[in-house]
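**Q** Just need the structure, nothing else, for what follows:
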Amino acid sequence: MKWYNSIKIKLLGFFLFISIIFLITLIITFFYMRENQFKENAMKETSLATSKILNYLQTEQANAELLVSILSSMTSQSLEHAINDENFIPSLLSTHLRTDLNLQSAGIWFEPYSVEKSKKDFLLFYNKNTDNTFKKVNQYIKKSTMNYRDMTFYTAGENLKKGEVFWTNVYIDPVTKIRMITVDSPIYRGNTFIGLASLDIAIKEHTKKLWSNLSLKEMYLIFIDREGTFIGKSSSINRFTTDNNIYHMKSSEMGALIKTIEPSLKKHKHKTDHDNNIKKEIYTIDNDPVLGGTSIVATYYFPHTQWNIIIGILEDKVMIQQNETFKNVILIVIFLTLLATLLGYLILQHIFVKPIESINEQLKDNINQDGLHHKLLTCNDNGEIGSLVENLNTRTQALKAAKTSEAKEIEKRIQNEKLLVQQSKMAAMGEMMDAVAHQWKQPLNALSMYSEIIKNDFDDGNVDKAYITQFSIDIQTQIDHMVNTLDEFRTFFRPNKENQEFTLPDVLHSVLLLTKDDLLKNRITVNIEQEDALTINGSENEFKHLILNIINNAKDAFNEKSIEKRELKIRIIQDNEGNRLEIEDNAGGIPKEIIKDIFKANVTSKEEGKGTGIGLYMSTQIATKHHATLSVKNQNNGACFIVKFNA
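**A** Numbers count the residues shown, from 1 in each chain. Prediction:
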């Protein structure tokens with residue numbers, strides 16, 4: 001048995017195959033789950049990586065909105081005090097100012113004639129000093145190139161309800177010339193809008209603190225207002241644009257990136273969202289031009305300020321923890337799968353393979369030990385294997401009984417065949433004795449006639465020496481014929497002790513000699529059409545029986561059917577079609593309904609009581625012993641028996 005045919009190898013291979021399929025399924029499932037949760041996990045990871053930035057912005061936004069609301073409320077409640085006391089507003093700002101708020105300036109702006117009926121334009125504007133104190137700026141209106149009520153922060157503030165705030169886009173203050181963002185809150189006297197309070201946040205200082213909160217080097221940040229104007233951006237972005245607006249980038253590489261995330265940036269642009277939670281979107285950029293690889297780009301939308309923050313981080317950096325966890329899970333799964341495979345194999349080997357090996361060894365021992373082929377098997381298994389052994393033992397006992405019965409049947413069949421052979425020989429012997437009697441009748445009649453002739457010739461005085469010599473020759477001729485006939489008869493029934501080579505023509509002539517007178521008596525003409533010198537090995541006398549049986553069957557067929565012109569054609573042939581003996585008669589052939597069974601025992605074409613069905617059956621046995629096959633076919637208005645010898 002080849003090693004790969006072993007049940008151990010097959011079992012191990014089966015477990016490995018199942019384990020590999022299971023492992024592949026798990027890995028595919030993990031990858032599928034990982035991909036399905038990628039957006040959520042990426043958002044979590046980017047939020048962790050940018051948590052300081054988001055916290056800083058949210059804190060700054062909350063502080064600014066709180067402070068401007070306080071400024072608006074206090075001014076509304078103490079309008080005269082705010083106008084007449086130059087320290088009222090500065091002290092209010094200093095008291096409530098948070099250190100993380102990059103406040104540049106503050107202002108109180110009024111509607112025309114709302115403070116004094118003689119003054120159309122009235123405002124209070126304060127700049128922050130280096131010591132974080134605030135100083136009033138006089139003549140702001142004269143220094144400004146445009147009226148404050150025409151500026152964006154004021155026109156938007158006019159539409160605010162009491163307690164609401166508004167964040168402007170990035171602009172350059174016409175007086176301080178500083179890029180800033182302003183947060184407004186309206187001032188109401190009763191239900192009448194009389195102005196608004198504003199806080200100005202310097203962009204430069206604002207972005208400095210923003211960059212200080214970046215937690216990863218392999219990242220970039222873009223901070224824009226609702227119109228796409230840069231509030232701030234990483235230095236790595238500068239090499240792609242010198243413009244102040246994200247939508248005006250001329251770089252094709254950055255253009256493709258912005259086009260990918262643009263729907264997220266613009267979908268909240270003209271929508272008032274009462275949900276104060278930051279809106280998040282996540283994108284995967286296959287070839288990020290800034291980071292030079294696959295990146296995770298997250299966008300954050302702040303509803304109150306309508307700002308957008310774009311943060312790009314290398315995917316490997318964002319997902320490093322998840323990838324490490326995924327790797328560890330895969331390793332654990334592989335280890336547990338292999339362990340389960342090994343344990344499963346060992347368990348099955350113990351409960352399945354070992355009992356089978358034990359059964360196989362017992363079978364081998366039974367085969368190798370003579371007389372133990374029917375020895376029963378033993379097995380301690382109480383399951384299917386034990387049941388299999390019980391069934392095998394039951395079958396073994398049945399086979400043993402069947403073999404014993406078969407041996408008896410074979411012995412009985414051998415005895416019957418011996419009896420059939422003996423019967424066949426006795427029948428042949430009877431026929432041959434009848435043939436010998438016919439063969440001897442003529443010479444005996446001749447001898448009787450010779451005795452009368454010599455007596456008469458002696459009385460007539462015709463006997464002399466020459467007469468006696470001729471008489472002796474004639475007598476000896478008749479005696480030789482009788483002796484030859486007797487020798488052939490004795491040889492025909494003498495069993496051959498050993499197989500020997502003999503020529504088929506010699507055997508044929510021997511049979512024809514014995515049956516000569518019988519054939520003449522039945523008016524049968526024998527024509528030997530071809531007589532090749534074919535030599536075979538076997539029992540010469542047994543083969544004579546085969547030929548004699550075929551000739552006797554032909555003789556019986558001639559007599560039964562009363563055929564007038566009776567002819568036997570005999571051919572001994574050696575050619576490309578093989579070595580064969582053909583004996584053909586013209587006795588009308590064998591009936592179609594029995595020709596296929598003619599060589600079986602007890603099958604005969606003769607009338608009931610005239611045939612035993614043994615002759616041709618014994619002839620097939622003789623042919624088989626001589627490595628030949630005996631067949632028959634109907635042709636030329638007769639039957640042709642063919643003995644074909646194997647090459």
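**Q** in a helix, that's where Ile385 is, yeah?
**A** Yes - if the criterion is DSSP: H, G, I helix; E, B strand; the rest coil, then Ile385 is within a helix.
**Q** hang on, isn't it packed against Cys379?
**A** Yes - counting by C-beta atoms under 8 Å, Ile385 touches Cys379, with 6.3 Å between them. (Glycine included, C-beta is placed from N, CA and C.)
**Q** joint contacts of those two?
**A** Pro355, Ile359 (C-beta atoms under 8 Å, 6 or more residues apart in numbering).
**Q** Near Ile454, how many other residues are there?
**A** Neighbour count for Ile454, taken as other C-beta atoms under 10 Å: 16.
**Q** What separation is there between the residue nearest to it when sequence neighbours are not counted and Val483?
**A** Computed as C-beta to C-beta, 6 or more residues apart in numbering, the closest residue to Ile454 that is not its neighbour in sequence is Phe471, at 6.2 Å. In this view, Phe471 and Val483 are 19 Å apart by C-beta to C-beta, to the nearest Å.
**Q** Counting neighbours, go ahead and name the busier of the two.
**A** Of the pair Phe471 and Val483, Phe471 is the one with more neighbours under other C-beta under 10 Å, namely 15 against 12.
**Q** part of a helix, is that one?
**A** Yes - according to three-state DSSP, Phe471 belongs to a helix.
**Q** wait, it sits on Tyr450?
**A** Yes - Phe471 is within contact range of Tyr450, at 6.9 Å (criterion: C-beta under 8 Å).
**Q** Is Gln574 in a helix, a strand, or coil?
**A** When classified by three-state DSSP, Gln574 comes out as strand.
**Q** List the beta-bridge partners for the closest residue to Met219 other than its chain neighbours.
**A** Once flanking residues are discounted, Met219 sits nearest to Ile313: 4.3 Å by C-beta to C-beta, 6+ apart. With DSSP bridges as the criterion, Ile313 is bridged to Met219, Ile296.
**Q** For Ile313, give its distance to Ala298.
**A** 8 Å.
**Q** cool, and Asn102?
**A** Applying C-beta to C-beta to Asn102 and Ala298 gives a distance of 24 Å.
**Q** Ok, Asn553 next?
**A** Using C-beta to C-beta, which is the criterion applied here, Asn553 is 108 Å from Ala298.
**Q** Then Asn636?
**A** 105 Å.
**Q** Looking at these two, which one has more neighbours?
**A** Ala298 (24 against 12).
**Q** thought Asn559 was touching Ile524?
**A** No - in this structure, Asn559 is not within contact of Ile524 by C-beta under 8 Å, at 9.7 Å.
**Q** So which of these two has more stuff around it?
**A** Neighbour count, other C-beta under 10 Å: between Asn559 and Ile524, Ile524 has more, with 20 against 15.
**Q** How about the contacts made by that one?
**A** Residues in contact with Ile524 (C-beta under 8 Å, 6+ apart) are Ala554, Lys555, Phe558, Arg566, Glu567, Leu568.
**Q** JSON lines please, covering those and showing pLDDT.
**A** Below are the contacts of Ile524 laid out as JSON lines (pLDDT from 0 to 100):
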{"residue": "Ala554", "pLDDT": "91"}
{"residue": "Lys555", "pLDDT": "90"}
{"residue": "Phe558", "pLDDT": "91"}
{"residue": "Arg566", "pLDDT": "93"}
{"residue": "Glu567", "pLDDT": "94"}
{"residue": "Leu568", "pLDDT": "94"}
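**Q** Among the residues you listed, which one has the most neighbours?
**A** Busiest of the contacts of Ile524 [other C-beta under 10 Å] is Ala554, holding 26 neighbours.
**Q** Run through who's touching stretch 219-228.
**A** Here stretch 219-228 makes contact (C-beta under 8 Å, 6+ apart) with 49-50, 53, 168-170, 181, 207, 210-211, 214, 230-234, 236-237, 245-248, 265, 269, 290-291, 305-314, 317.
**Q** what comes up buried for whichever helix or strand Ala197 is part of?
**A** Secondary-structure element containing Ala197, defined by DSSP states H and E: strand 192-202. For strand 192-202, the neighbour count (16 or more other C-beta atoms under 10 Å) marks Phe193, Ile194, Gly195, Leu196, Ala197, Ser198, Leu199, Asp200, Ile201, Ala202 as buried.
**Q** So which residues of the stretch 451-600 of the chain form helices?
**A** Shown for the stretch 451-600 of the chain, the helices assigned by DSSP state H, counting those that start in this stretch span residues 465-492, 504-514, 516-521, 540-561, 592-595.
**Q** Go through those and name the closest to Lys327.
**A** With distances scored as C-beta to C-beta, the stretch of the helices of the stretch 451-600 of the chain nearest to Lys327 is helix 592-595 (83.4 Å).
**Q** next one: the one helix or strand Ile21 maps to to chain centre, how far?
**A** In this structure, Ile21 sits in helix 7-36 according to DSSP H and E. Using C-alpha atoms, centre = their mean, to the nearest Å, the distance from the centre of helix 7-36 to the centre of the chain it belongs to is 13 Å.
**Q** same question for it, mean pLDDT?
**A** Computed over helix 7-36, the mean pLDDT rounds to 73.
**Q** Then stretch 306-314?
**A** 86.
**Q** from the middle of its chain, how far away would it be?
**A** Using C-alpha atoms, centre = their mean, the offset of stretch 306-314 from its chain centre is 48 Å.
**Q** Give me the contact list for it.
**A** By C-beta under 8 Å, 6+ apart, stretch 306-314 touches 46, 49-50, 53-54, 57, 167, 216, 218-226, 231, 261, 265, 268-269, 285, 288, 290-291, 293-302.
**Q** repeat that for 7 Å
**A** Residues outside stretch 306-314 that contact it (C-beta atoms under 7 Å, 6 or more residues apart in numbering): 46, 49-50, 167, 216, 218-226, 231, 261, 265, 268, 288, 290-291, 293, 295-301.
**Q** ChimeraX command for the buried members of those residues?
**A** Remark: buried members of those, expressed as a ChimeraX selection using 16+ other C-beta under 10 Å:
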select :46,49,50,167,219,220,221,222,223,224,225,226,231,261,265,268,288,290,291,295,296,297,298,299,300,301
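**Q** What segments of the stretch 301-450 of the chain are helices?
**A** Counting by DSSP H, counting those that start in this stretch, the helices of the stretch 301-450 of the chain are 315-318, 320-348, 354-368, 384-460.
**Q** Return the set of buried residues in the third one.
**A** Within helix 354-368, the residues that qualify as buried by neighbour count (16+ other C-beta under 10 Å) are Pro355, Ile356, Ser358, Ile359, Gln362, Asn366.
**Q** relative orientation of it and helix 7-36 in degrees?
**A** Counting by axes from the mean of the first three to the mean of the last three C-alpha atoms, to 10 degrees, helix 354-368 lies at 160 degrees to helix 7-36.
**Q** which helices and strands does helix 354-368 pack with?
**A** helix 384-460 (3 or more C-beta pairs under 7 Å, 6 or more residues apart in numbering; DSSP states H and E).
**Q** cutoff 6 Å now
**A** Identification of packing neighbours for helix 354-368 by 3 or more C-beta pairs under 6 Å, 6 or more residues apart in numbering; DSSP states H and E yields no helix or strand.
**Q** Can I get it in CSV? Just the C-alpha atoms.
**A** What follows is helix 354-368 as a C-alpha-only set of coordinates in CSV (Å, rounded to 0.1, in the frame of the first residue of the first chain):
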residue,chain,number,x,y,z
LYS,A,354,-6.6,2.1,16.0
PRO,A,355,-9.6,-0.3,15.9
ILE,A,356,-9.4,-0.5,12.2
GLU,A,357,-5.7,-1.2,12.3
SER,A,358,-6.3,-3.9,14.9
ILE,A,359,-8.9,-5.5,12.6
ASN,A,360,-6.5,-5.2,9.6
GLU,A,361,-3.7,-6.9,11.6
GLN,A,362,-5.9,-9.8,12.6
LEU,A,363,-7.0,-10.3,9.0
LYS,A,364,-3.3,-10.3,7.9
ASP,A,365,-2.5,-12.9,10.6
ASN,A,366,-5.4,-15.0,9.5
ILE,A,367,-4.3,-14.9,5.9
ASN,A,368,-0.7,-15.7,6.7
